[in-house]
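>>> what shape does this take:
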Amino acid sequence: MEFSGISLVTGAAGFMGSHVVETLVRSGIRVRATSRPRKDTSFFKNLDVEYVPADLTKPETLPPLFEGGVDRVFHLGAICNFSTPYEQLAPTNVAGVDHITRLAIKNSIRCFVHVTSTSVYGYYKGSPFSENDEREPMDNYGRSKRDGENIVFQKIKEGLPAIIVRPCTVYGPRCNDGAGKVFSRPSAITAIPGKGNQKLSNIRAEDVADAVLYLSTLDDAAGKIFNLSDNSNPTLKEALTLASHTFQSKPPKLHLPLSIVKTVARLDGWISGMKGKIPDLEYDATKYLYNDYIVDNGRLKATGFKFKYPDFKESMKQMGEWYWNQPGVKQ
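Here you go, the predicted model:
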């Protein structure tokens, strides 16, 4: 499938959205970026990208996004953390999906890529999560993403050519939200939760961006769901140790019982909340540490997609090179 019009990226000022914008620009695609109104739009100006402010919770601000020949939408606008209550997530993660998909149908969009999360699956049940598994979210964030997906499923029945992608833990340059921030910059985590042998699934932001663009060009991808995960499953201990080496901090050696980790996370969450911040280890995230968390990426690979960063260990080496070359960062 080929596109000649404008590709709209929602949530473009966020972590994953900004990577999608960069990928589209490098591919020579006309991009319209949107996010909530902001003073600093230098990121988009430097890329020579059109920026149109809008708010997913205010449907009256959205129609201008579709003016001038938009034929493809990458929807990444969302609140992405485990600390925000459902009633504060829903206006963006649920109602916002309804607002933007209604306009997508009205404007005859040829492809709508909805970026959600593997959090919709809930806790690990002993085998890698596949796209055919039941969705049983166990936290407010996962519930909000499931409910947003339900809206897209209904809009598909109404004719929206939508693709649903479910990334697992995303990390990479500029990451400040979600569990992936632990592997993206120095963190305050100095101990290993539990035994540390829990296997993880992760994916670089650049591969998420490449995947959503790639899938949008496939003629038979509409109506399908795709998990996004790399090809490696490091243990929690391996991943935290790699992160410490990458960001030149002391490798964690002390193992903390998960009951203590949860208590510390709850306290840190309370303190961080008083400061208006999201803690490095969120309380609801600790509940996923009792078991493995492995995501099956077979459906994505079957399409012929090729990862830039298929291996977590090699990717972290590149992350270190990127991080220590940033202005103002000293070794």
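>>> now the residue of the chain most remote from its centre: closest residue in space, sequence neighbours ignored.
Residue distances from the centre of the chain (Cα atoms, centre = their mean) peak at Leu254, which lies 29.8 Å from the mean C-alpha position. In space, and not counting its chain neighbours, Leu254 is closest to Ala191: 4.4 Å by Cβ to Cβ, 6 or more residues apart in numbering. Just so you know, the C-beta spots here come from the backbone N, C-alpha and C atoms, and that holds for glycine as well.
>>> kindly report the same for Glu158.
Nearest in space to Glu158, with sequence neighbours left out and distances taken as Cβ to Cβ, 6+ apart, is Ile105 at 6.2 Å.
>>> for the stretch 101-250 of the chain, just list every one of the strands.
In order along the chain, the stretch 101-250 of the chain carries the following strands (DSSP state E, counting those that start in this stretch): 111-115, 162-167, 169-171, 192-193, 202-204, 225-228.
>>> for the longest one, which strands pair with it and how are they oriented?
Partner strands and pairing direction for strand 162-167 (DSSP bridges) are strand 111-115 (parallel), strand 225-228 (parallel).
>>> dump these into TSV; add mean pLDDT and mean neighbour count as well.
Rendered in TSV, the data for these read as follows (pLDDT from 0 to 100; neighbours: other Cβ atoms under 10 Å):
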stretch	mean pLDDT	mean neighbour count
strand 111-115	98	25
strand 225-228	98	22
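>>> so which of these comes closest to Thr169?
When the strands paired with strand 162-167 are ranked by distance to Thr169, counting by Cβ to Cβ, first place goes to strand 225-228 at 10.3 Å.
>>> who touches the closest one?
118, 129-131, 163-168, 203, 207-208, 211, 215, 295-297, 299-300, 303 (Cβ atoms under 8 Å, 6 or more residues apart in numbering).
>>> same question, stretch 190-197
Applying Cβ under 8 Å, 6+ apart, the set of residues contacting stretch 190-197 is 235-237, 240, 249-250, 252-258, 261, 281, 286, 289-290.
>>> give me the buried subset of the residues you listed.
Thr235, Leu236, Lys237, Leu240, Pro252, Leu256, Leu258, Val261, Leu281, Thr286, Leu289 (16 or more other Cβ atoms under 10 Å).
>>> least confident pick among the residues you listed?
Within those, Leu281 has the lowest pLDDT, namely 77.
>>> might one say that that one is in contact with Thr263?
No. In this structure, Leu281 sits apart from Thr263 without contact. The criterion is Cβ atoms under 8 Å, and the distance is 11.6 Å.
>>> about what we covered before: quick one: the strands of the stretch 101-250 of the chain as a markdown table, columns for distance to Trp322 too.
Written out in a markdown table, the entries for these read as follows (distance: least, Cβ to Cβ, whole Å):
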| stretch | distance to Trp322 |
| --- | --- |
| strand 111-115 | 23 |
| strand 162-167 | 20 |
| strand 169-171 | 12 |
| strand 192-193 | 25 |
| strand 202-204 | 11 |
| strand 225-228 | 21 |
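>>> follow-up on the earlier one: now the strands paired with strand 162-167 in CSV, with distance to Tyr123?
Rendered in CSV, the data for these read as follows (distance: least, Cβ to Cβ, whole Å):
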stretch, distance to Tyr123
strand 111-115, 22
strand 225-228, 16
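>>> pLDDT value on the residue nearest to Leu254, please?
87.
>>> cool, and Ile156?
So Ile156 comes in at 98 (pLDDT).
>>> just the one 3 residues further on next, same as before
Listed pLDDT for Gly159 reads 97.
>>> from Thr57, how far out is Leu89?
As defined by Cβ to Cβ, to the nearest Å, Leu89 lies at a distance of 11 Å from Thr57.
>>> again, but for Asp147
15 Å.
>>> tell me which of those two has more neighbours.
Under the neighbour definition other Cβ atoms under 10 Å, Asp147 and Thr57 were set side by side, and Asp147 has more, 19 against 14.
>>> look up the closest residue to that one, ignoring the ones flanking it.
Sequence neighbours aside, Val94 is the residue nearest to Asp147 in space, at 4.6 Å (criterion: Cβ to Cβ, 6+ apart).
>>> give the contact list for that neighbour.
Under the criterion of Cβ under 8 Å, 6+ apart, the neighbours of Val94 are Ser144, Asp147, Gly148, Ile151.
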